[in-house]
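# no FASTA, just this:
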């Protein structure tokens, strides 16, 4: 079953269960997917849906940090609940050691040396690790690999 179909089925289940918090988060996700499809005039595949989910999770993390800093724990809790629902649609993430191993292999493949090759390595890493790892973690691993 395609990820988009799974999300739609989960929305129906949340409606039946009268789980309003989960339902609103899933509707938000479906709206973001539909918006991207309309804007680009395409039908999203699973990898593109994962990138939309990843973007929404990142937005939630940023919002949680801002709300916590502002002392609004009530709003931070709402964002945390939404983030938990969204993370259920992401594939299993690679550990930091696995990310470092992938980056080291990429650096060796590309023959990259020094910080000047950061863009070349990040471009390849983004293509290979999209949806599998957080790009902030990948970026840190690339910087570490190129500084050796």
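Nice, I can see it. Since the model is a prediction, treat every value here as computed from it, not as a measurement.
# drop to CA atoms for contacts and neighbour counts, all remaining ones
OK.
# what's the spacing between the most centrally placed residue in the chain and residue 60?
Most central in the chain under Cα atoms, centre = their mean is residue 54, positioned 2.0 Å from the mean C-alpha point. Counting by Cα to Cα, to the nearest Å, the separation of residue 54 from residue 60 is 10 Å.
# do residue 66 as well
In this view, residue 66 and residue 60 are 10 Å apart by Cα to Cα.
# one step back: so the residue nearest to the centre of the chain sits right up against residue 89, yeah?
No - at 9.1 Å, residue 54 does not count as touching residue 89 under the criterion of Cα atoms under 8 Å.
# Outside of stretch 117-126 itself, list whatever touches it.
With contacts defined as Cα atoms under 8 Å, 6 or more residues apart in numbering, stretch 117-126 is touched by 103, 106-107, 110, 112, 135, 138-139, 142-143, 146.
# If we use 7 Å, what do you get?
Taking Cα atoms under 7 Å, 6 or more residues apart in numbering as the criterion, the residues outside stretch 117-126 that touch it are 103, 106-107, 139.
# Same question for stretch 86-97.
Identification of contacts with stretch 86-97 by Cα under 7 Å, 6+ apart yields 50, 53, 57, 131-133.
# Next, format these as CSV and append secondary structure.
Converted to CSV, these look like this (DSSP: H, G, I helix; E, B strand; the rest coil):
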residue, secondary structure
50, helix
53, helix
57, helix
131, coil
132, coil
133, coil
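# For ChimeraX, write a command that selects the buried ones of the residues you listed.
Only the buried members of the contacts of stretch 86-97 enter the following ChimeraX selection, criterion being 16 or more other Cα atoms under 10 Å:
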select :50,53,57,131,132,133
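# So what's the gap between stretch 52-72 and the chain middle?
Stretch 52-72 has its C-alpha centroid displaced from the chain centroid by 13 Å (Cα atoms, centre = their mean, to the nearest Å).
# ignore the last one, stretch 88-105
Centroid displacement of stretch 88-105 relative to its chain, using Cα atoms, centre = their mean, is 12 Å.
# And for stretch 12-23?
So, by Cα atoms, centre = their mean, the centroid of stretch 12-23 is 23 Å from its chain's centroid.
# mean confidence score for that stretch?
Looking at stretch 12-23 alone, the average pLDDT works out to 96.
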